[in-house]
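Asker: Here is a sequence with its predicted model. Questions after.
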Amino acid sequence: MFVLRPDWSQPARTGIDLLAAAARAREMGGTVCLLPDTSLPLRISFANAPVIAADGRQAAWLSLTWRIASAARELRAWWRHTTTSAAHEWRRELRRQAADERLPFEVRQRLRELADATAPYAGAEINRFPRRLLREPSTVSLAAALIEQARTELKARGITDGTPLVTFQSLTRPDVAAAAIEFLLRQGYTVARVGDRSERLRSYDRVVDLTTPHSHSPLLEMFCVSASTFIVCESLDLQQLAYLTNTPSLLINAREPFAAYPVRANGLFALCTPIDLETAQSVTISDMLSEPYFRDLRKQEARGRRRGSYGYRDNTAEELIEALEEMRAGVSAGWTSESESQSRFRARVVDAGAALAAVSPHVAEWGPDAGFIGDGRLVRFQADGVS
Amino acid sequence: MSRILFVMLHPGFIRYYEDAIHTLAASGHQVNLAFEVSRDKLGEDVTARRLAASSPNIHCEPAPQRTESVRDFLARSDRAAVRVRDQQRSRSGQDAWESLATTVRLLEDYLRFFEPEFRGAQTLRVRAEKRLPSVYTNVLGVAARSTAPRRIVCRLLQEIEAIIPTVDSIDRFLRERNPELLLVTPLIELGSQQVDYVKSARKLGIRSALCVASWDNLTSKGLIRVLPDEVLVWNEAQATEARTLHGVPADRIVVTGAQTFDRWFAMRPSRSREDFCGRVGLDPNRPYLLYTASSVFIAPEEVPFAERWLLALRESGIPRVAERGALFRPHPANARQWHAFDSSSFPNATIWPPVGTDPNSPGFKEDFFDSVYYSDGVVGINTSAQIEASIVGRPVFTVRSPEFAHGQEGTLHFRHLVDERGVVRAAASLDEHVRQLAQVLDGSVASGRNDDFLRWFVRPHGLDVPATPIFANAIETLSRKPRPAPRPDSARRRAARVPAFLVARAALTLAEGRPLWVYLVRSPMTLAIRAAAALYEAQDRWTEHGRPALRRTRRSVWRAWYESSQRLAHSWRRSKKRLIRAARDARGTAKRAFGLR
């Protein structure tokens, strides 16, 4: 039995944990037990993986078990962190000693060998994104009272049942967002804008703004995502939430192809255009699969800054509309029309991931999971342009 | 005429004092400029050479070589900086003292950001924290949150600073130059080593003064740890900061005005508006707004915001705002990111000067002035260009944005721009900003030069009174004052140096920023490695020399024994033969004698 306590303050993370637990339960013929969550009581069911809701004495016992397991996991994580850090420092110290020129060459060489031998222990532990476990879709439903509450709130904003809805996370430039929203409206969709940043955008009929602080609600956001025909997002969090509700997703302005690569066939993504800030030249998609590009990302992460050797240009309105058209075609045709270039690009990402995982922790975390990067695809107009 | 020694961190500081240095040199004073760090990132070395060539009374030279410090405090923030002749350094006891000095100064700078005035300045504190080994911040980060322990630690650090001896090379340098006046700038860098110049000057009886270079110096960086004899500031606001935040007595503060902005009062456009717009690529028939970008600390990623700003203007629906051109001026030290700005997607918007333009190239300042002069208004996050625009009389704007909160509300100097005496119209959102722009551009709100601000912040002695001559006069007056009495270290302090040296050694060791257990393990580990190395060398010597020698000896002994035994055997055989022969002869003789045959 896999016992989980959902934490809906981190919906994306919780969603991935739930899906991974369900997949494991399915593989092992087990069940998933959800401990009650008072903040957002979702009712969740998975295909081929029974879900039980614990209550009464069983809930108390499972809760205790969960807490002990959770504490043990935290202790293990602490221990791993401590040993990794110690190994790292030990390695540094050995290398420092090896730099002493007064020592005989062979002794220094031996010290270097010892330092290199500790290298595997000195690297931080990587929690690989469980792509294979997320491959199979699941069914998630809210408690009836919550569904009713969300429906009422959306109805008050003009969204009724059966309305073709697109959830749009508008972190991109307002002019590009406006062009995309106008396109969606022309196609007959109602658009729900979500996200943290409330950009100035002209008001439209059939656009519901859930970005303002008073209308921001995780429940509404989740309900919108689950009720949408597809979502357009810029953050990985929303893309991962869509895995939980099995909603088709279009991720835009992706800065690299590994983390952004959609796991399921109903996912698309579009890469932004990195600009080399030394030369002012744009970086090709092929170069985005190279080691120097990820080395720079790693430096940025290590220094805790957003600024690196590259600047980024968002997808243009034309690119976004082209991606939306492909998305619409995919939704209506059932995601069967993958082009040769898209398949080729997937293979390239898998190959590059295998090669880069050893040198880039980012790729090791987000890259292929035992050779599987995802059933989704890069938008066609970009895949066609990859040499 | 006086000898004035001006110690600058790097030649980039010349731009704040160039006119004043020329004035002093023209008055016959010998001005020696010494740079602690050589830097050519923005062509500063060219400026220094040009300045030295302009007058025989001006000399530029590197400051004395320093031994290594805790860490090269500049290398951590400015990778283009190279300490002068750093590669020639040799490790000595001076290393330990310098380590202790830098550690103490960094700690003082770190602790100042816990004071109530810096409650919102989290990023400034983090910047100071990053330069310290974590072993200190782990302990002090907790203690510093309460006022009493923080004050005790600060007092202790000041005592340690007083015990740290002056640097021999700086003492020697000052004795050789023997100036009437020592000027230092900026002095307040985090962990600054310029403090040693002030300490040496006190010891040798040389008058010293701090020249506050810019408007943020007294609030966003470190402390004035050892007080010089005088502090030259721009205005009353800085005088208050010097008194309250740095503890400088009021009688040591001289308010001169901001000499660095003088040329802005006198400048005139270098070309016509049509020529300028044609050169930068803007429509000359339309007015434009100037967006002045900020430094890397204030705005590490400014391009996305600038794009949103321009879109907010274009989509405002207010023709007089939406139809204006936009000129973006990258910050010279933070220009690279503007390569990502796609000006092709915005009509009548351009970047000028192009990214990578040398700020020391001819016409650079004139270009900047023309950009401001021909604009209808200037927008920026938090930059001195906003002050320059206010001198030209252009309305100045800013937008408070969460992504720049650390560089706006998180800094004290931003308040000078936006508080009730400030010159910048601050908006809480792009919508409000657009409304402000519309009001100013249609003339419904006064948009003329804010003389009150300029009188308060830039020219406190009167709008028509340039600050450069006042600054130069102040320097002359200081240099004419009698020398203060030398203040050598007291016997108590000299005695305290013996135990303090142990602390200095510890500071040198801890400067590596490693966990404590590493230092505990290091000595036994070093011993073990040395023992292993000695064993290895002994074994090596044995293999190389001992064993062959033994083999040779063994062979020699064997050979000696063998040869002697052979010789013995041979002798024995000969003797035996001789005996046999003798016996045989004796037998023959006996037979013959007895007639036995």
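Answerer: Perfect, thanks for sending it.

Asker: Please make it C-alpha for all contacts and neighbour counts, starting now.
Answerer: Fine.

Asker: Give me the neighbour count for residue A:118.
Answerer: Counted with other Cα atoms under 10 Å in any protein chain shown, residues neighbouring residue A:118 total 18.

Asker: Could I get the buried residue list for the helix or strand encompassing it?
Answerer: Secondary structure from DSSP states H and E places residue A:118 in helix A:105-122. If you call a residue buried by 16 or more other Cα atoms under 10 Å in any protein chain shown, then helix A:105-122 has these buried ones: A:107-108, A:111-112, A:114-116, A:118-119, A:121-122.

Asker: Mind listing the strands the following helix or strand past that helix pairs with, and their directions?
Answerer: Once helix A:105-122 ends, the next helix or strand along the chain (criterion: DSSP H and E) is strand A:139-142. Next to strand A:139-142 in the sheet, as set by DSSP bridges, lie strand A:42-45 (antiparallel).

Asker: Name the residues of the stretch 251-387 of chain A found near chain B, please.
Answerer: Residues of the stretch 251-387 of chain A lying near chain B by Cα under 8 Å from any Cα of the partner chain: A:274-278, A:280, A:306-307, A:310-313.

Asker: ok, the closest residue to residue B:12 other than its chain neighbours - how many residues close by?
Answerer: Leaving aside its sequence neighbours, residue B:12 sits nearest to residue B:44 (Cα to Cα, 6 or more residues apart in numbering or on different chains; 5.1 Å). Residues near residue B:44, counting by other Cα under 10 Å, number 21.

Asker: I'd assumed residue B:8 was in contact with residue B:44.
Answerer: No - at 12.0 Å, residue B:44 does not count as touching residue B:8 under the criterion of Cα atoms under 8 Å.

Asker: ok, the helix holding residue A:118 near chain B or not?
Answerer: Yes - judged by Cα under 8 Å from any Cα, helix A:105-122 and chain B are in contact via residue A:107.

Asker: of the residues of the stretch 251-387 of chain A next to chain B, buried ones?
Answerer: Counted by 16+ other Cα under 10 Å, those give A:274-277, A:280, A:307, A:310-313 as buried.

Asker: what does the stretch 101-250 of chain A put close to chain B?
Answerer: A:103-104, A:107, A:173-175, A:200.

Asker: Give me the next element, helix or strand, following the strand or helix carrying residue A:168.
Answerer: Assignment of secondary structure by DSSP H and E places residue A:168 within strand A:165-169. Going down the chain from strand A:165-169, the next helix or strand is helix A:174-186, by DSSP H and E.

Asker: If you count contacts, what does the host helix or strand of residue B:533 end up packed against?
Answerer: If you go by DSSP H and E, residue B:533 is part of helix B:516-541. Counting contacts by 3 or more Cα pairs under 8 Å, 6 or more residues apart in numbering or on different chains; DSSP states H and E, helix B:516-541 is packed against helix A:56-98, helix A:105-122.

Asker: if we can go back for a sec, what's the angle from the helix holding residue A:118 to helix A:56-98?
Answerer: 160 degrees (axes from the mean of the first three to the mean of the last three Cα atoms, to 10 degrees).

Asker: Near chain A, which residues of the stretch 301-450 of chain B? Just list them.
Answerer: B:301, B:307-308, B:311-312, B:336-337, B:339-342, B:430-431.
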